[in-house]
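K.L.:
pasting the structure only:
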């Protein structure tokens, strides 16, 4: 019995030793070799490459980096990058992902190509620098609008304008903030660089309200959200729900009125039927008396 136990321990020990040797001299070297593997990738050389920029060879560079954890979408040669346009802003030392590039230049007012007839783009004036979010609002942001009556000075927050998407912020020079890239080293005119109008994506009811408020009120915007498109859509869905609920309430009200009308018609019909039977009974009684 003791010999069997000793023999089993010997076998287990031998197996453990073999496993240790396999890990030390087999798996570990392979793992280290994978970590040491090198490859080439393209990264941004310039301080910043604005969105919509045509990429030239002096803006990017090829460097050597570890292959471990590198995405397949990262460009590995200048041919994949040079001569294309950026769909996003790129900053220095960022690896260039080919999904961020486009073969075609961006449309100057690309946001207008999103319109499909269900919503419209409307611009409103930014009265002062502070009321326009101090120049911090950008395309894609979700904002909330407040209106101050010019006569009564009363400020309200229209529920129709609780969550609104910004399409563009335009300076007095006519250039959209999102697409303006530095063209030279000269200082810009401060007055021309301030936001002058803001273009919003709204439905026709919201557009009508904005047109009215533009004439009768002073608008003040409040920043709500900037981030992923998925979360932005949640705010917009909540705003769209505001316009759906009144329609449902109106339909329900129409249904109730229809039921009341049907009940009234049924009651009138019953009354007419009863009234029509009464003279016939009276005539029968009179006829009997005559006999």
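P.N.:
Okay, I see it. Just so it is clear, the structure is predicted and the values come from calculations on it, not from any experiment.

K.L.:
C-terminal to the helix or strand of the chain with the lowest mean pLDDT, what's the next element?
P.N.:
Lowest by mean pLDDT, DSSP states H and E among the helices and strands of the chain is helix 190-193, with a mean of 52. Counting by DSSP states H and E, the next helix or strand C-terminal to helix 190-193 is strand 195-202.

K.L.:
Can you point out the buried residues in the following helix or strand past that following strand?
P.N.:
Using DSSP H and E, the helix or strand that follows strand 195-202 in sequence is helix 204-216. Buried residues in helix 204-216, counted by 16 or more other CB atoms under 10 Å: 206-207, 209-210, 213. From N, CA and C alone the C-beta is placed, and that goes for glycine too.

K.L.:
Residue 228: which of the residues you listed is nearest?
P.N.:
residue 206 (23.6 Å; CB to CB).

K.L.:
Check whether the closest one really touches residue 164, as I assumed.
P.N.:
Yes. Contact criterion CB atoms under 8 Å: residue 206 and residue 164 qualify, at 7.2 Å.

K.L.:
can you list residues touching both of the two?
P.N.:
residue 200 (CB atoms under 8 Å, 6 or more residues apart in numbering).

K.L.:
Per-residue pLDDT of the nearest residue in space to residue 154 that is not next to it in sequence, please?
P.N.:
In this structure, residue 154 finds its nearest non-sequential neighbour in residue 148, 7.1 Å apart by CB to CB, 6 or more residues apart in numbering. Per-residue confidence (pLDDT) for residue 148: 90.

K.L.:
got it, and residue 13?
P.N.:
Here the pLDDT value assigned to residue 13 is 79.

K.L.:
Please report phi then psi for it.
P.N.:
Backbone torsions of residue 13, given as degrees, to the nearest 10, read phi -60, psi -40.

K.L.:
Pull the contacting residues for it.
P.N.:
Residue 13 neighbours (CB under 8 Å, 6+ apart): none.

K.L.:
same deal with residue 206?
P.N.:
The neighbourhood of residue 206, defined by CB under 8 Å, 6+ apart, consists of 160-161, 164, 200.
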